[in-house]
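Peer 1: Starting from these lines, generate the structure:
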Amino acid sequence: MNICLVNDKPIKLLLGIESLCNIGFIWYVFNYSEGFLRALLPPIVENFEITPLAEHFLLWWMSSIFTLTCLMLAAIPSKYSTNTLTVGLIHVRRFIYWSLFGSEILCSGLLIYLMQYFAEEHWTLFGYALLLIFTILPLWRLFVLFIKNSWFGHIENMDETKTDKLKNN
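Peer 2: Okay, here's the model as predicted:
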């Protein structure tokens, strides 16, 4: 029996675009972590210093995003060499979306806490932009997970004639 996933072009496109965005963001943060934190956290004290713990936490978070990005790239193809791997793609794609949803909720909560900790007049435009992104993205994830769950694809058995037609195209 030969199977493949069909009707999964939207999620493949979304995973590909998000992977590229994540790779650029990860590269920027790994190379300029102190600059990223200085843009995010307002310098309200004269000798404002980014602690090594803050940089370490940021790089740890970026490592987890890198892991999810690798999973996203692995979940883009619609067919793998075995049927078990092909069937598991739907579950991997949903796991990726749930994991990203959780990390974005955590980040938005952290940004809201930072906004309350620092006076609102000292908050940076970059901080507001990140808060907006981390508020909209979880809503998008819920939309895809619950309303557009058909985007993850569904399994179809491929008989000899369909397989031959696919090979000829």
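Peer 1: Show me what the longest helix seen in the chain is packed up against.
Peer 2: The helix that spans the most residues within the chain, counting by DSSP state H, is helix 83-117. Counting contacts by 3 or more CB pairs under 8 Å, 6 or more residues apart in numbering; DSSP states H and E, helix 83-117 is packed against strand 2-6, helix 9-31, helix 52-74, helix 125-142, strand 154-158. C-beta: built from backbone N, CA, C; applies to glycine.
Peer 1: closest one to residue 113 among those?
Peer 2: Closest to residue 113 of these is helix 125-142 (CB to CB; 10.8 Å).
Peer 1: and that closest one, which residues are buried?
Peer 2: Neighbour-count burial for helix 125-142, with 16 or more other CB atoms under 10 Å as criterion, is recorded at 127, 130-131, 134, 137-138, 141.
Peer 1: Dump that helix to CSV, restricted to CA.
Peer 2: Extracted C-alpha coordinates of helix 125-142, given in CSV (Å, rounded to 0.1, in the frame of the first residue of the first chain):
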residue,chain,number,x,y,z
LEU,A,125,8.6,50.9,19.9
PHE,A,126,10.4,47.5,19.3
GLY,A,127,8.8,46.2,22.5
TYR,A,128,5.4,47.3,21.4
ALA,A,129,5.9,45.6,18.0
LEU,A,130,7.0,42.4,19.6
LEU,A,131,4.1,42.4,21.9
LEU,A,132,1.7,42.9,19.0
ILE,A,133,3.3,40.1,17.0
PHE,A,134,3.2,37.7,20.0
THR,A,135,-0.4,38.6,20.6
ILE,A,136,-1.6,38.1,17.0
LEU,A,137,0.4,34.9,16.3
PRO,A,138,-1.3,32.7,19.0
LEU,A,139,-4.7,33.8,17.6
TRP,A,140,-3.5,32.7,14.1
ARG,A,141,-2.3,29.4,15.5
LEU,A,142,-5.7,28.8,17.1
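Peer 1: what residue ranges in this protein score low on pLDDT?
Peer 2: Scanning the chain for pLDDT under 70 picks out the ranges 1, 42-49, 81, 118-122, 158-169.
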